[in-house]
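*Asks:* got a sequence here, can you model it:
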Amino acid sequence: MLDTGILRKRIRADKEDMEKVINILMSIGYTHCSISDSNDYYSLSASILEEDDESNIRKRVYNMYLNMFLVERDREGVYKFFYPRENCYYYAYIYFDDIKGRELIISEFLYRYFKLFPEDIFLSASGYVYTKEDIEKAYCNKDLSWIYYSPDAL
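*Replies:* This next block holds a predicted model:
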């Protein structure tokens, strides 16, 4: 199963959505993005570079790796998730690679993302499903471990 990521009811290859995701990353401080194309998904790598005042050397301080799946996958339990609350299937759309220690920046990203795409849902590695409203609560709390709690506990 997809460990941690954003799910959608329908997925179509959409360059505009990818540009919106990149713009969100840039708006929270990321300065470099690179994209690689792998048939039915894109790998997006983003990093924040920090300038050292003494040496004027730019160094990487934070990387985020995302895989964006741009086609519907029909392998249930891996790329297809049944969401009982809405009695329908969602498909893997954005997969976050290694979120440990990045909970607050993920919260910031999701908060901005769900303003643009309120119908999507977020699935945590713990199996919890968060809606736009749940993400807004987590964002307001600024709790480092929000992603490990049930949305009902926020």
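
*Asks:* report the distance from stretch 89-103 to the chain centre.
*Replies:* Using CA atoms, centre = their mean, to the nearest Å, the mean C-alpha position of stretch 89-103 is found 5 Å from that of the whole chain.

*Asks:* can you pull out the helices in this structure?
*Replies:* Applying DSSP state H to the chain gives helices spanning 15-27, 103-116, 132-141.

*Asks:* using CSV, please lay out those together with distance to C88, mean pLDDT and mean neighbour count.
*Replies:* (C-beta placed from N, C-alpha, C; glycine too.) Listed next are those as CSV, based on distance: least, CB to CB, whole Å; pLDDT from 0 to 100; neighbours: other CB atoms under 10 Å:
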stretch, distance to C88, mean pLDDT, mean neighbour count
helix 15-27, 20, 84, 15
helix 103-116, 18, 89, 18
helix 132-141, 17, 91, 17
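
*Asks:* save those as TSV, and put in distance to T4 too.
*Replies:* As requested, those are arranged in TSV below (distance: least, CB to CB, whole Å):
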stretch	distance to T4
helix 15-27	16
helix 103-116	8
helix 132-141	13
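
*Asks:* out of these, which comes closest to A125?
*Replies:* helix 103-116 (11.2 Å; CB to CB).

*Asks:* by how many degrees do the closest one and helix 132-141 diverge?
*Replies:* For helix 103-116 against helix 132-141, the angle by axes from the mean of the first three to the mean of the last three CA atoms, to 10 degrees is 140 degrees.

*Asks:* quick check: which of the helices of the chain is nearest to Y148?
*Replies:* helix 103-116 (8.4 Å).

*Asks:* ok now that closest one, how far from the chain's centre?
*Replies:* Worked out by CA atoms, centre = their mean, helix 103-116 lies 8 Å from the chain centre.
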